[in-house]
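Visitor: Build me a model:
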Amino acid sequence: MILCLDVGNTQIFGGVFVDDDLKLQFRRTSQLRSSSDELGVFFRTVLRENDIDPRQINRVAICCVVPDLLYSLRATCQKYFSVDPLVLRPGVKTGLRILYRDPKEVGADRIADAVGAVKLYPDRNVIVADFGTATTICAITRKREFLGGCIIPGVNLSMEALEERTAQLPSVEIVPPKNAIGRSTIESIQSGLYWSNVGMVREMVSRITKEEFADEHPVVIGTGGFAQLFNREKLFDIVLSDLILTGLKEVIRLNDQTRA
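Guide: Predicted coordinates:
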């Protein structure tokens, strides 16, 4: 069994694969001061509660954008699963050609998304919109070239900025509004958060398609915690909440092949 962990600024998103089947998905709030024991007890408890024997975990893959958590995560894997994890970082085989000016700058989460996308759509140009703490939109060619993309404050982060930086604007539930014109402060914030993201994604996908794919429609994948929120606007060809886990599993396979 393979345990895959996507460690973000807000949440740890995990999954367990048995062969090619994703048997379990779970989430935990990211906490910078989490000890290896706290994480280990949580992971083993989640597995047991879902009828998975932790002793069956023989591989672990991690992509992490919170460096302060990596030491604890490594120790967790070694102590609670007797496994040295594969951490997605520069030098790890991904099957991608990274066309960033400095490939080391690309976040591991964006690489894992891209690996998952080319695994599922090997002969297509792909755009991945990942709605996490930050919203990232990335372009990958049918030749497995990671072109780059854009990084924007995420939906929840934008709401928190409004709440923290203004004297009278409250925190609101992030939901699809019925109308563009809000008739209360809460409705106005909800409308602004929702429709600004709809417009941003639509514009970025259109521009990237024209710039890089000669107006050939790429496969547009929505993923991340807020992707389903926007699904009704037909921004994506498909929503894959587990795309990053698929990418991490593929990274394990590619690097196992290299070692063999």
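
Visitor: contacting residues for the closest residue to N179 other than its chain neighbours?
Guide: Among residues not flanking N179 along the chain, S191 sits closest, at 7.1 Å (CB to CB, 6 or more residues apart in numbering). The way it works is simple: take the backbone N, C-alpha and C, and place the C-beta from them, glycine included. Taking CB atoms under 8 Å, 6 or more residues apart in numbering, we find S191 in contact with 177, 179-182.

Visitor: Could you export stretch 218-236 as PDB, CA atoms only?
Guide: Provided in PDB are the C-alpha atoms of stretch 218-236 (Å, rounded to 0.1, in the frame of the first residue of the first chain):
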ATOM      1  CA  PRO A 218      -6.600  21.900 -23.800                       C
ATOM      2  CA  VAL A 219      -8.100  19.600 -21.100                       C
ATOM      3  CA  VAL A 220      -8.900  22.000 -18.200                       C
ATOM      4  CA  ILE A 221      -8.800  20.200 -14.800                       C
ATOM      5  CA  GLY A 222     -10.100  21.700 -11.600                       C
ATOM      6  CA  THR A 223      -8.700  20.400  -8.400                       C
ATOM      7  CA  GLY A 224      -8.200  21.500  -4.800                       C
ATOM      8  CA  GLY A 225     -10.600  22.200  -1.900                       C
ATOM      9  CA  PHE A 226     -12.700  24.900  -3.700                       C
ATOM     10  CA  ALA A 227     -12.800  23.400  -7.200                       C
ATOM     11  CA  GLN A 228     -16.300  21.900  -6.700                       C
ATOM     12  CA  LEU A 229     -17.600  25.400  -5.700                       C
ATOM     13  CA  PHE A 230     -17.000  26.700  -9.200                       C
ATOM     14  CA  ASN A 231     -18.000  23.500 -11.100                       C
ATOM     15  CA  ARG A 232     -21.400  24.800 -12.100                       C
ATOM     16  CA  GLU A 233     -19.800  27.700 -14.100                       C
ATOM     17  CA  LYS A 234     -18.400  25.200 -16.700                       C
ATOM     18  CA  LEU A 235     -14.800  26.400 -16.100                       C
ATOM     19  CA  PHE A 236     -13.400  22.900 -16.300                       C
END
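
Visitor: From Q190, how far off is the residue sitting furthest away from the middle of the chain?
Guide: For the chain, the residue at maximal distance from the C-alpha centroid (CA atoms, centre = their mean) is R183, at 34.1 Å. Distance of R183 to Q190, computed by CB to CB, to the nearest Å: 11 Å.

Visitor: Report the secondary structure state of the residue nearest to N179.
Guide: Assigned with DSSP: H, G, I helix; E, B strand; the rest coil, S191 falls in the helix class.

Visitor: Also R44?
Guide: On the three-state scheme (three-state DSSP), R44 is labelled helix.
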